[in-house]
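K.L.:
model the structure of this input:
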Amino acid sequence: MKDYPAPQPGMEPNVLHPLCPSRQVLGLLTSRWGALVLVALAGRTLRFSQLRRELGDVSERMLSQTLQALEAHGMVRRVAHEVVPPHVDYSLTEIGEEAAGLVRGLARWVEGRLPDILAGRASGC
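P.N.:
Predicted coordinates for the structure are as follows:
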């Protein structure tokens, strides 16, 4: 994921500005796997393999990259347990839970409007 420069002092965040870091965060939260990871982890802790099964068709590499990006942005907490075999738990931070609530709201809207969306797609409108 591309790193954007920190905003200049006094500059307001603006997701429409091509160099604003908020654009990178929005892209992560609305990406296919970013959004699904947030929804899957909302209110619970999962191991990598559990999360991968929950999501269904994500590759190990893509899930690992998504979790790393969400962790780097302060949304996911990663706790590695020093046991054999190693085990790592993933959960959402406070800000991750807040973001997950917003993403889940959008997902519920999509689920509720899916018949209309599919009808519109079928009619070519």
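K.L.:
show me the strands in the chain, by range?
P.N.:
Secondary structure of the chain (DSSP state E): strands located at 46-47, 76-81, 87-92.
K.L.:
what about these, which gets the closest to P18?
P.N.:
Shortest distance between P18 and those, using C-beta to C-beta, is found for strand 76-81: 26.3 Å. C-beta here means a position set from N, CA and C on the backbone, and glycine is covered the same way.
K.L.:
the closest one pairs with which strands?
P.N.:
Strand pairing for strand 76-81, using DSSP bridges, gives strand 87-92 (antiparallel).
K.L.:
dump the partner strand to PDB, restricted to CA.
P.N.:
What follows is strand 87-92, C-alpha atoms only, in PDB (Å, rounded to 0.1, in the frame of the first residue of the first chain):
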ATOM      1  CA  HIS A  87      -0.600 -19.000  17.800                       C
ATOM      2  CA  VAL A  88      -1.700 -15.500  17.000                       C
ATOM      3  CA  ASP A  89      -5.000 -13.800  17.900                       C
ATOM      4  CA  TYR A  90      -6.500 -10.900  16.000                       C
ATOM      5  CA  SER A  91      -9.100  -8.500  17.400                       C
ATOM      6  CA  LEU A  92     -10.100  -4.900  16.700                       C
END
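K.L.:
how many neighbouring residues does L51 have?
P.N.:
Residues near L51, counting by other C-beta atoms under 10 Å, number 21.
K.L.:
so who does it touch?
P.N.:
Applying C-beta atoms under 8 Å, 6 or more residues apart in numbering to L51 gives the contacts 37, 40-41, 63, 67, 90.
K.L.:
now do 7 Å
P.N.:
With contact set as C-beta atoms under 7 Å, 6 or more residues apart in numbering, L51 has these partners: 37, 40, 63, 90.
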